[in-house]
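1. Sharing a model prediction with you, sequence too.
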Amino acid sequence: MRQRDRESFVDSGGSHDDLFFDGDHDGDADSDLLDDHLDGRPGDDQHGDDHHDGGPRRSRVEARRHSRRRSKRRFITLLALLLVGVVAVAGYFVALPIYHYFSPADYDGRGSGSVVITIRANDGASQIGDTLTKQGVVASIRAFTDAASGNSAAQNIQPGSYRLRHHMSASNALTLLLDPSSRVNSDIVVTEGATVPDVEKRLTAPPCTATSPANTICGLGLDPTEVTKALADVKALGLPTDYNVGGQAPSSVEGLLYPATYPFDDKTSAVDALQQMVGKFTDQVRGLQLSAAAKQLRLTPYQLLIVASIAQAEAKFPADYAKVARVILNRIAVGRHLQIDATSAYWAKLTGKDPAKIIYAAIPGPYNSYTHAGLPPTPIGNPGAEALTGAASPPAGNWLYYVNGDAAGHLFFTDSEAAFTKAVAKCKAQNWGCG
């Protein structure tokens, strides 16, 4: 800064502190003022008075100052609006599920119209609620599970088809599911693990009526003689040839009656009903490619079916099916008897005895897996898709034993006889179903 410029600046009322801007000044605006002084704008020395008179230059500085302040205010306003939006959205997604948890959506009243829904074997309240919600019967799964938890009779809901209404309250839907008159009486339900005697009872049982108890087995009311004859002629039921045994049809239709709900009409014959069940089995095993899986395991498809039926009977939870299959294969591979109670229990059903009153290791015949090596001669029930899949793809493992590992029935697996013996003792002591 030239000498006369400094003198002019001081004479006009400026101080040295003005060069270092205190907190009452806008830093950017004052910087502009300083630049103007240093550069000698707006003119030369002879226009020095105009340099300090607050003229157009000062107006431009003030305008820039106000523009910057407006920009800052707009930014702060936008930031605040964004923050409010984020909080509102977060509150919606957090609070709404909590609200629905404690106040689940539910319709009012008895509903209207008509809809047929199917309850599958082993469906719990959540699965039933899911089916009802998808069919438009109830408003939410939680509404139904809440209604079921408050009514001990909900445990008596039977597999099968029911005629309900659209947009019913959950409590009214539960009432109809417990009402035998709501059952679609032509249904035949084959549950996972059901045996031929079980299916025979369903085919010969009379249709349900409005006065039938909730736990009544409903059927077609077929002639028992007709049913027995149809069951004996396995070849006539259309079994796929790769499930033959030694080039001949199996001696029993056991394992070939696929678990499902079959809606038959009152003109269905025993042969028609059984052919539909075997046809369903054929479709399922082809879809699962069981024949190819059996070849990989060095089994015939029929032997794999036997393994699946044992896994279905022995395990309570699907996660254990494949491991039970592995234990069966391991014991056969090392030449040990299976020693599985379920095979003896099946013999008891075939012979009309109470499985709870027999000594499993003492029964006569090839279903005694304590005294007879290898697999039993036929499946011991009709396995479902999960048991079939588990038997077709057993995991790697050297297990030789299993036993209930908790009160719920999850199985404990081991290759150690000492560990198995200890686990059995614990199972008995805890009353987990080990005798």
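-> Looks like it came in fine.
2. only C-alpha atoms for contact and neighbour calcs from this point on.
-> Fine.
3. Count the residues that sit near Ser252.
-> Using other Cα atoms under 10 Å as the criterion, Ser252 is surrounded by 16 other residues.
4. Touching, it and Thr378? I think so.
-> Yes - between Ser252 and Thr378 there is a contact at 7.1 Å, judged by Cα atoms under 8 Å.
5. so what's the residue nearest the centre of the chain up against?
-> Compute the mean C-alpha point of the chain, and by Cα atoms, centre = their mean the closest residue is Gln127, 8.8 Å away. For Gln127, the set of contacting residues under the criterion of Cα atoms under 8 Å, 6 or more residues apart in numbering is empty.
6. try 10 Å
-> Counting by Cα atoms under 10 Å, 6 or more residues apart in numbering, Gln127 makes contact with Ile119, Arg120, Thr133, Ile141, Thr145.
7. So which of those residues sits lowest on pLDDT?
-> When the contacts of Gln127 are compared on pLDDT, Arg120 comes out least confident, at 75.
8. So what's the residue count around the nearest residue to Asn172 once chain neighbours are set aside?
-> On the basis of Cα to Cα, 6 or more residues apart in numbering, the spatially nearest residue to Asn172 that is not a chain neighbour turns out to be Arg110, at 6.1 Å. For Arg110, the count of nearby residues is 16 (other Cα under 10 Å).
9. Then Thr268?
-> Other residues lying near Thr268 total 13 when counted by other Cα under 10 Å.
10. which parts of the strand or helix carrying Ala143 are buried?
-> Counting by DSSP states H and E, the element that carries Ala143 is helix 141-149. Neighbour counts over helix 141-149 (16 or more other Cα atoms under 10 Å) mark Ile141, Arg142, Ala143, Phe144, Thr145, Asp146, Ala147, Ala148 as buried.
11. how far does stretch 115-127 stretch from start to finish?
-> 17 Å (Cα to Cα, to the nearest Å).
12. show me the contacts for Ala308.
-> By Cα under 10 Å, 6+ apart, the residues touching Ala308 are 193, 255, 302, 314, 321-322, 324-325, 379-392.
13. typed the wrong thing, it's Gly111
-> Going by Cα under 10 Å, 6+ apart, Gly111 touches Val137, Val138, Leu164, Arg165, His166, His167, Met168, Ser169, Asn172, Ala173.
14. So which of those residues wins on neighbours?
-> Counting by other Cα under 10 Å, Val138 has the largest number of neighbours within the contacts of Gly111, with 30 neighbours.
15. roughly how far apart are that residue and Gly111?
-> Looking at Val138 against Gly111, where the rule is Cα to Cα, the gap reads 9 Å.
16. Now for these two: what residues contact both?
-> Residues touching both Val138 and Gly111 (Cα under 10 Å, 6+ apart) are Arg165, His166, His167, Met168, Ser169, Asn172, Ala173.
17. Could you dump those residues into CSV and include distance to Gln276 and secondary structure?
-> Output for the shared contacts of Val138 and Gly111, formatted as CSV (distance: Cα to Cα, whole Å; DSSP: H, G, I helix; E, B strand; the rest coil):
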residue, distance to Gln276, secondary structure
Arg165, 29, strand
His166, 31, strand
His167, 34, coil
Met168, 34, coil
Ser169, 36, coil
Asn172, 34, helix
Ala173, 31, helix
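18. from the residues you listed, which is closest to Gln158?
-> Using Cα to Cα, Ala173 comes nearest to Gln158 of the shared contacts of Val138 and Gly111, at 14.2 Å.
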